[in-house]
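J.: Structure for this input, please:
(chains A and B)
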There are 2 protein chains.
Amino acid sequence: MSKAKAVILVSGGLDSTTVLAMAKNQGYDCYTLSFDYGQRHCSELLAAERTSKAMNAVEHKVVKLDLGTIGGSALTDTSIDVPEQLSEGIPVTYVPARNTVFMAIALGWAEVLGAQDIFIGVNAVDYSGYPDCRPEFVQAFEDMANLATKAGVEGNKLRIQAPLMKMSKSDIVQEGTKLGVDYSLTVSCYQADEEGRACGRCDSCRLRKIGFENAGMSDPTRYVD
Amino acid sequence: MSKAKAVILVSGGLDSTTVLAMAKNQGYDCYTLSFDYGQRHCSELLAAERTSKAMNAVEHKVVKLDLGTIGGSALTDTSIDVPEQLSEGIPVTYVPARNTVFMAIALGWAEVLGAQDIFIGVNAVDYSGYPDCRPEFVQAFEDMANLATKAGVEGNKLRIQAPLMKMSKSDIVQEGTKLGVDYSLTVSCYQADEEGRACGRCDSCRLRKIGFENAGMSDPTRYVD
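T.: Predicted coordinates for the structure are as follows:
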């Protein structure tokens, strides 16, 4: 019997790698999808390739997409600095409509593959400042997806699965470790260097550090200094 | 007083050029957006540039996006032939989740610009085979957009405007002509040549021809033969 297929959005970071492990553990054939979207570093794409291989994804695709063209974020616009302190409200690292765009392309690939499930590592606990990381957004996207596609129209309901939504970073690390994730392969830093070493100071690094601390685990992250 | 901004999705074709004229006529400052998405011909991008200029768009952006990576359509996959007869059901020229992806990127640009309106030339009359050309899809996208973005969260409601939704091709041609659209600048053909000349035989050409005929107007399209 052939297994059900799922598209997993992977960034090579801690969260999406854990989601990949969870999807695999649920028995899906995993098709991983990453984006070359004008982000500052390519180390996350290398990490996504590495983790997809390590976890036996059937296929890993990288879609090129020049989000820098529309600007508006410190992650794609080099004229805006990445902040090194946890910020209030919606941070400048927010890429306008990024999750919407990524999920839309995942939806296209799911249609081509005949997959009914799309997994994404959004999390409302640590990223409360990002409007597109909330459960009501994910639900609205799923509703839209079922009207947008052949599959939805023909009654094969598409599901957007966001299993980390309500988990803390330490819960996530513990779950992934239980499922055999090697977090030394992952890169979370917003400004990692070419070898994938983390700055240790940006929002993403801070949240990750605290996650390992709270889980009482040693942090396998490679830092610049 | 500064005018309200709108993002207009333009393909250089008959429908989206008419939408641009309608948005301009409603008093918006128009920001036009096109995609270099692995479509077979670049003549539609040249047409989009031409019509944006002719209609005084404030800015025309082209976002590169490699939808060919995920495959599944005759428009991006050269191993699938473009059909030359009107087809039943969902045609092979359907690009999986294309409108969802394009609207998601338009949403990102609207956020950056502070625009509350996104215009798209979808039409449920001629393109009933495309699930993402129906009013219920457009409404679901708008609902999702208002949960996905800073603007939506802060109460500045985003609107997805699809003014052609219920118009026939001849209605569209008549409306555009009234607003001064020069249709000789537009390209609708799925397989136009490098100079923008149309094949006259694909679905898109046939619908366009019938539109001019039913409107009792002469067809300014340049055909290959």
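J.: which residues does residue A:9 form a beta bridge with?
T.: For residue A:9, the beta-bridge partners are residue A:33 (DSSP bridges).
J.: For it, give its distance to chain B.
T.: Distance, residue A:9 to chain B, by CB to the nearest CB, to the nearest Å: 13 Å. For every residue, glycine as well, the C-beta is placed using N, CA and C.
J.: ok, the residue lying closest to residue A:198 once chain neighbours are set aside - how many residues close by?
T.: Excluding the flanking residues, the one nearest residue A:198 by CB to CB, 6 or more residues apart in numbering or on different chains is residue A:189, at 3.6 Å. Here the number of neighbours of residue A:189 (other CB atoms under 10 Å in any protein chain shown) works out to 26.
J.: Could you list which residues are in contact with residue A:189?
T.: A:197, A:198, A:199, A:200, A:202, A:204, A:205 (CB atoms under 8 Å, 6 or more residues apart in numbering or on different chains).
J.: Name the nearest of these relative to chain B.
T.: Relative to chain B, the closest of the contacts of residue A:189 is residue A:204; by CB to the nearest CB it sits at 19.6 Å.
J.: How is that closest one assigned, secondary-structure-wise?
T.: Assigned by DSSP: H, G, I helix; E, B strand; the rest coil, the conformation of residue A:204 is helix.
J.: Give me the buried entries from the contacts of residue A:189.
T.: A:197, A:198, A:199, A:200, A:202, A:204, A:205 (16 or more other CB atoms under 10 Å in any protein chain shown).
J.: Double-check the third one against residue A:191; I have them as touching.
T.: So the one you mean is residue A:199. Yes: here residue A:199 reaches residue A:191: they are 5.2 Å apart, a contact under CB atoms under 8 Å.
J.: what about the lowest-mean-pLDDT helix or strand in chain A and chain B, touching?
T.: In chain A, the helix or strand scored least confidently by mean pLDDT, DSSP states H and E is helix A:150-153, which has a mean of 76. Yes: residues of helix A:150-153 contacting chain B under CB under 8 Å from any CB of the partner chain: A:150, A:152, A:153.
J.: Of those, which is the most crowded?
T.: Result: residue A:152 is most packed of the residues of helix A:150-153 next to chain B (other CB under 10 Å), 22 neighbours.
J.: which residues touch that one?
T.: A:145, A:146, A:158, B:131.
J.: Could you find the closest non-adjacent residue to the second one?
T.: Spelled out, that is residue A:146. Nearest to residue A:146 is residue A:152, by CB to CB, 6+ apart, at 3.5 Å.
J.: how near is the one you found to residue A:110?
T.: Residue A:152 sits 10 Å away from residue A:110, going by CB to CB, to the nearest Å.
J.: between those two, what contacts are shared?
T.: What both residue A:152 and residue A:110 touch, as defined by CB under 8 Å, 6+ apart, is the set residue A:158.
J.: just how off-centre is stretch A:202-210 within its chain?
T.: On the basis of CA atoms, centre = their mean, to the nearest Å, stretch A:202-210 sits 15 Å off its chain's mean C-alpha point.
J.: same question for that stretch, mean pLDDT?
T.: For stretch A:202-210, the mean per-residue pLDDT is 88.
J.: got the CA coordinates for it in CSV?
T.: Output of stretch A:202-210 as CSV, limited to C-alpha atoms (Å, rounded to 0.1, in the frame of the first residue of the first chain):
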residue,chain,number,x,y,z
CYS,A,202,19.3,37.8,17.2
ASP,A,203,15.7,37.0,18.3
SER,A,204,15.8,33.6,16.7
CYS,A,205,19.1,32.6,18.4
ARG,A,206,17.8,33.8,21.8
LEU,A,207,14.6,31.9,21.6
ARG,A,208,16.5,28.7,20.5
LYS,A,209,19.0,29.0,23.4
ILE,A,210,16.2,29.4,25.9
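J.: of all the residues of helix A:150-153 next to chain B, which comes closest to chain B?
T.: residue A:153 (4.7 Å).
J.: For residue B:189, see how far away the nearest residue to residue A:181 once chain neighbours are set aside is.
T.: Among residues not flanking residue A:181 along the chain, residue A:21 sits closest, at 5.0 Å (CB to CB, 6+ apart). Going from residue A:21 to residue B:189 by CB to CB gives 47 Å.
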